[in-house]
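# Build me a structure from this.
(2 chains)
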Number of protein chains: 2
Amino acid sequence: MRDHGGDLDRARTLYGEGDWLDLSTGINAVPYPLPDLPRHAWTALPTRADLAALEATARMAYGVGDGVGCVALAGAQAAIQLVPRLRTVGRARVVGPTYNEHAGALAAQGWEVTQVDDIEGLRGAWLGIVVNPNNPDGRLWTPEALFDLARDVGCLIVDESFADPLPKYSMVRYLGRLPESLSILVLRSFGKFYGLAGVRLGFVLGDPGTTGRLRSLAGPWAVSGPAIAAGRAALGDPVWQADSIARLTRDAARMDALAARAGWTPVGGTVLFRTYDTENAEAVQDRLARAHIWTRRFPYSKGWLRLGLPGTEADWVRLEAALQG
Amino acid sequence: MRDHGGDLDRARTLYGEGDWLDLSTGINAVPYPLPDLPRHAWTALPTRADLAALEATARMAYGVGDGVGCVALAGAQAAIQLVPRLRTVGRARVVGPTYNEHAGALAAQGWEVTQVDDIEGLRGAWLGIVVNPNNPDGRLWTPEALFDLARDVGCLIVDESFADPLPKYSMVRYLGRLPESLSILVLRSFGKFYGLAGVRLGFVLGDPGTTGRLRSLAGPWAVSGPAIAAGRAALGDPVWQADSIARLTRDAARMDALAARAGWTPVGGTVLFRTYDTENAEAVQDRLARAHIWTRRFPYSKGWLRLGLPGTEADWVRLEAALQG
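Next comes the predicted model:
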């Protein structure tokens, strides 16, 4: 398994059991408050109608019409596992550094993968992948720039796993008026913004032919009943969505202030995570881990440290104390 | 999507909305009573330790040791989607008629699939598949016969989706002492016997190299947090398992008695479903559907009708009334 945030096992092995504050992921620490799920979500195979209702709710939330294909999968990761199968195996380019599963899944399925520094490096690619906003540095490209780019990429994958708080930057509104010559697929994650990463839910939006192929590759009942019920509730709640964006925006500023006091330089981020250049990430991660606060380092940077945002005032106080201690 | 049981949408379209009694599947109608799930099952990405604990519980439940590979997937169906990728695309044989997703997933991925009547027809196959006990006719082969067969099959897939009530017929105890020349994979379904088909959980047991490849093909976080929590509780509860086998055995006999009174000839089945030759399945399905009881027909048989077992006395009474009416 590749190096990821979110695997507290390693922290526990290195620093012992305890009440860990996990800031190693970009998962919203204030999850959508789940309603009671209907019994049949657990007991019965999800029906086509259940799935269609979920996908209709997702279309509304993401702002795409019926002409755009939309397929629900068991997480954005499930989409990442299937992307390598959409085209004949060849060469792919990924804008990086970024979330390492894109290159990982491609390479594991026989693709030759090159990392490029910016989206301009994707021009001419048979398969090109960009995470927008990017993880962990928060780099952001406009949908106009990506639409222009798509003309020169065989198939452009735009991973919008962290785009919920930035709807204006989403590519999705271009999907309804794509000329046939352009192939763009947008990946959306459910678990991160809604704070429900355990349920495993994500979506791919694009031309109906391609999303149909993804549905066929995933097979029937690819999304669980609890995921369908949770997704319908959360994606259909614009009030919670707006409130959460407002809160996360305030909290991201609070984290930046803490980081400034610690003398760290902002690298970038989204309102779900912040990345800083701490000069010595190993030492900072170690210091915080001794207080049972887990953060994320990156193998390609000595200084970068990524932190998710605490979800409660007590957790903020704990983080502040650990940084000052 | 291929024809399946479990899709009540079609019944609703044809016969109207209402309080449907769904006997079209082989899913236990008395599900394992779920405990309250821990919050982190919903909010956090499942850790490697969570998954390892689930798989350890599954090993105990299925009776295999550490030397046997065991990988949890999002349902036996998820395993069926991956099986075609384990070997170079070629010719596969499936003992049938049986659950149609095996041939369907293989054909969709470029395999040439032949249906054979009995396990002897698998000899010489590059990839051979048998469902044991078979769905819908309940045909059952001994593990000894399958072990002998495996010598003449490149890779033998034994789908034990309905084997929980028949542990003596499971192939799993042979997996620990397979010579390297033999390749046998056993598929297990969680949702059917435990009555929790919505959670999407299943397992593949076999040599560690192959289960490791399946794990890699499925990618990280292939099983949801709620599925891990539900699976650990249910697979670790031998008392519920034994009580349920006893109840299902009684109920299967009760269904057989009803069928005899209706003049149907037993075809076979398991204690999770019974298949009868009714001579005119279309007419019987229609009659029961008018009482909002949904059953399963098969495109290859005019007479066969499959029924799952009602879960409550009220549902039994309702079925009896509909059969007499």
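# ok, now which ones touch whichever residue of the stretch 51-200 of chain A sits closest to chain B?
Nearest to chain B, among the residues of the stretch 51-200 of chain A, is residue A:198, at 2.7 Å (C-beta to the nearest C-beta). The C-beta positions use only the backbone N, C-alpha and C, and glycine is treated the same way. Counting by C-beta atoms under 8 Å, 6 or more residues apart in numbering or on different chains, residue A:198 makes contact with A:191, B:40-46, B:224-226.
# Now render these as a markdown table, adding neighbour count, secondary structure and distance to residue A:267.
Below are the contacts of residue A:198 laid out as a markdown table (neighbours: other C-beta atoms under 10 Å in any protein chain shown; DSSP: H, G, I helix; E, B strand; the rest coil; distance: C-beta to C-beta, whole Å):
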| residue | neighbour count | secondary structure | distance to residue A:267 |
| --- | --- | --- | --- |
| A:191 | 31 | coil | 24 |
| B:40 | 17 | helix | 29 |
| B:41 | 21 | helix | 32 |
| B:42 | 22 | helix | 30 |
| B:43 | 24 | helix | 26 |
| B:44 | 23 | coil | 25 |
| B:45 | 25 | coil | 23 |
| B:46 | 26 | coil | 29 |
| B:224 | 30 | coil | 32 |
| B:225 | 27 | helix | 30 |
| B:226 | 30 | helix | 35 |
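# could you pull out the helices for chain A?
If DSSP state H is used as the criterion, the helices of chain A fall at A:8-15, A:39-43, A:48-62, A:76-82, A:101-108, A:143-150, A:208-218, A:225-235, A:238-261, A:281-290, A:313-324.
# Please save the CA atoms from the fifth one in PDB.
Included here for helix A:101-108 are C-alpha records, laid out as PDB according to Å, rounded to 0.1, in the frame of the first residue of the first chain:
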ATOM      1  CA  GLU A 101      -2.800   6.900  -6.100                       C
ATOM      2  CA  HIS A 102      -3.300   8.300  -9.700                       C
ATOM      3  CA  ALA A 103       0.200   7.300 -10.800                       C
ATOM      4  CA  GLY A 104       0.100   4.300  -8.500                       C
ATOM      5  CA  ALA A 105      -3.000   2.800 -10.000                       C
ATOM      6  CA  LEU A 106      -1.900   3.500 -13.600                       C
ATOM      7  CA  ALA A 107       1.600   2.000 -13.100                       C
ATOM      8  CA  ALA A 108       0.100  -1.100 -11.400                       C
END
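# on contacts alone, who are the packing partners of it?
Helix A:101-108 sits against helix A:76-82, strand A:91-95, strand A:112-116, strand A:127-131, with contacts defined as 3 or more C-beta pairs under 8 Å, 6 or more residues apart in numbering or on different chains; DSSP states H and E.
# Quick check: which of those has the most neighbours on average?
The highest mean neighbour count among those, using mean count of other C-beta atoms under 10 Å in any protein chain shown, belongs to strand A:127-131: a mean of 27.
# Tell me how many other residues surround residue A:134.
Neighbour count for residue A:134, taken as other C-beta atoms under 10 Å in any protein chain shown: 22.
# Tell me who's in contact with residue A:220.
Residue A:220 makes contact with B:1-2, B:4, B:77, B:101, according to C-beta under 8 Å, 6+ apart.
# one more time with 10 Å
A:45-46, A:48, A:51, B:1-2, B:4, B:6-7, B:75, B:77, B:80-81, B:101, B:104-105 (C-beta atoms under 10 Å, 6 or more residues apart in numbering or on different chains).
# Go through those residues and name the one nearest residue A:155.
For the contacts of residue A:220, the closest approach to residue A:155 (C-beta to C-beta) belongs to residue B:81, at 21.8 Å.
# Given the longest strand along chain A, what are its sheet partners and their directions?
In terms of residue count, the longest strand belonging to chain A (DSSP state E) is strand A:301-308. Note on strand A:301-308: by DSSP bridges, its sheet partners are strand A:273-277 (antiparallel), strand A:296-298 (antiparallel).
# circling back: who touches the nearest residue to the residue of the stretch 51-200 of chain A closest to chain B once chain neighbours are set aside in this structure?
Of all residues not flanking residue A:198 in the chain, residue B:225 sits nearest, at 2.7 Å (C-beta to C-beta, 6 or more residues apart in numbering or on different chains). Contacts here follow C-beta under 10 Å, 6+ apart; on that basis residue B:225 touches A:191, A:196-200, A:226, B:37-47, B:50.
# quick one: low-confidence parts of the stretch 1-150 of chain A?
By pLDDT under 70, the weakly predicted segments of the stretch 1-150 of chain A are A:1, A:5-6.
# Can you give me the distance of whatever residue of the stretch 201-325 of chain A ends up closest to chain B to residue B:49?
Chain B sits closest to residue A:225 of the stretch 201-325 of chain A, with a gap of 2.7 Å, by C-beta to the nearest C-beta. Distance, residue A:225 to residue B:49, using C-beta to C-beta, to the nearest Å: 25 Å.
# No further questions, thank you.
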